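A.B. asks: need a structure here:
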Amino acid sequence: MFALHRDENRQKRRAPAIWRTMLNIDRGLVNMLGHLKVTGEIPADLRSQPLLMTPNHIGNFDPFVIMAACKRIGINPRFLLAGGILDAPVIGKALQASGHLRIDRAHATTAVGQFGEAVQALRSTKDPIVVYPEGRISHDAGLWPERGKTGAARLALGAGVPVIPISQWGAHEIVYWGTEVVNGPADVLPLLKSGLSAPVRRPTLRVHFGEPVDLSEVEPERPGAGVRAHAKIMQAITDGLVELRRDEPDVPRFNDPTRPTDSKSPWLH
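C.D. replies: Model prediction:
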């Protein structure tokens, strides 16, 4: 559970100037490091209402690819970000001004209050909100989606908003996974080396916006609703990913010696 706060700028249909600038810079960076291919679309009738978008998490660079893909199809996404990121010097201030949603697990008061605040924030925004249902970069040996957590599904059910599954592949080739915690320059060096070689390698970065997940049969008030909705969302993400990586069905061709492989995806059938 978490406390979630919203910036009043999100009420405006036009994204804040600082966020539009960051999205434009991001688009240039992504185009320099790889070749972006985007498939699928956000239906026109969903573009003017609250919407949750749920991508699989495959690498440190994939949020930048998601941003560029959204920019490509003409939407300005916002993210649920950890309080630590929003409190960081310089970049944190810029992200706060951009109107992203804040996750503050450490400052939780009551579970009911936190969830209610999150649901209200999601209902009131006019921008698509990106939530990673896995919660971390996948540790599956094949880099298939992990089991994940039910938070995104419960938010969608509570707010009554549509869910667009996003499947992505290729962003893991930009920079290595690295390490969970950075303790010094030695931990950053693998990321820098792999990132600096990306403009030469120029991997293909594939992003697919899937059809809205049908949650109509999931009754929010029934026990286990979050688990059932989560399974539908994760399966939709996985099904879209199958199409993106048909030439890499088992393990990624790109070898990242730093990435853990200590879990197994339950969604690949």
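A.B. asks: CA only for contacts and neighbour counts going forward, please
C.D. replies: Fine.
A.B. asks: so where do the strands sit in the stretch 101-250 of the chain?
C.D. replies: Assignment of strands within the stretch 101-250 of the chain using DSSP state E, counting those that start in this stretch yields the ranges 101-103, 128-130, 163-169, 204-209.
A.B. asks: Packed most tightly, which of those would that be?
C.D. replies: Across the strands of the stretch 101-250 of the chain, averaging neighbours per residue (mean count of other CA atoms under 10 Å) puts strand 163-169 on top, at a mean of 27.
A.B. asks: That one pairs with which strands, parallel or anti?
C.D. replies: Partner strands and pairing direction for strand 163-169 (DSSP bridges) are strand 51-55 (parallel), strand 204-209 (antiparallel).
A.B. asks: now these as a markdown table including mean pLDDT and distance to Thr125?
C.D. replies: Rendered in a markdown table, the data for these read as follows (pLDDT from 0 to 100; distance: least, CA to CA, whole Å):
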| stretch | mean pLDDT | distance to Thr125 |
| --- | --- | --- |
| strand 51-55 | 96 | 8 |
| strand 204-209 | 98 | 20 |
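A.B. asks: May I see those strands organised as JSON lines, with distance to Ala236 added?
C.D. replies: Shown next, in JSON lines, are the strands paired with strand 163-169 (distance: least, CA to CA, whole Å):
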{"stretch": "strand 51-55", "distance to Ala236": "10"}
{"stretch": "strand 204-209", "distance to Ala236": "10"}
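A.B. asks: looking at these, which is closest to Ser265?
C.D. replies: Put simply, out of these the one that sits nearest Ser265 is strand 51-55, at 15.1 Å, with distance taken as CA to CA.
A.B. asks: related to what we said a few turns ago, export the strands of the stretch 101-250 of the chain as TSV, with columns for distance to Gly224.
C.D. replies: Listed next are these as TSV, based on distance: least, CA to CA, whole Å:
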stretch	distance to Gly224
strand 101-103	23
strand 128-130	23
strand 163-169	18
strand 204-209	27
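A.B. asks: Which one of those strands lies nearest to Glu248?
C.D. replies: Go through those one by one with CA to CA and the one that ends up closest to Glu248 is strand 163-169, at 10.1 Å.
A.B. asks: what pLDDT, on average, does that closest one get?
C.D. replies: For strand 163-169, mean pLDDT is 98.
A.B. asks: Show me the contact partners of it.
C.D. replies: For strand 163-169, contacts defined as CA atoms under 8 Å, 6 or more residues apart in numbering pick out 42, 51-56, 58, 156, 205-213, 233-234, 236-238, 240-241, 244-245.
A.B. asks: just how off-centre is it within its chain?
C.D. replies: 8 Å (CA atoms, centre = their mean, to the nearest Å).
A.B. asks: Could I get the CA-only coordinates of stretch 194-204 as PDB?
C.D. replies: Written as PDB, here are the backbone C-alpha positions of stretch 194-204 (Å, rounded to 0.1, in the frame of the first residue of the first chain):
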ATOM      1  CA  SER A 194      27.100  -0.800 -22.300                       C
ATOM      2  CA  GLY A 195      25.300   2.500 -22.800                       C
ATOM      3  CA  LEU A 196      28.200   4.100 -24.700                       C
ATOM      4  CA  SER A 197      28.200   1.200 -27.100                       C
ATOM      5  CA  ALA A 198      24.500   1.400 -27.800                       C
ATOM      6  CA  PRO A 199      24.700   4.100 -30.600                       C
ATOM      7  CA  VAL A 200      27.000   1.700 -32.500                       C
ATOM      8  CA  ARG A 201      24.800  -1.400 -31.800                       C
ATOM      9  CA  ARG A 202      21.500   0.500 -32.300                       C
ATOM     10  CA  PRO A 203      19.200  -2.300 -31.000                       C
ATOM     11  CA  THR A 204      15.600  -2.400 -32.200                       C
END
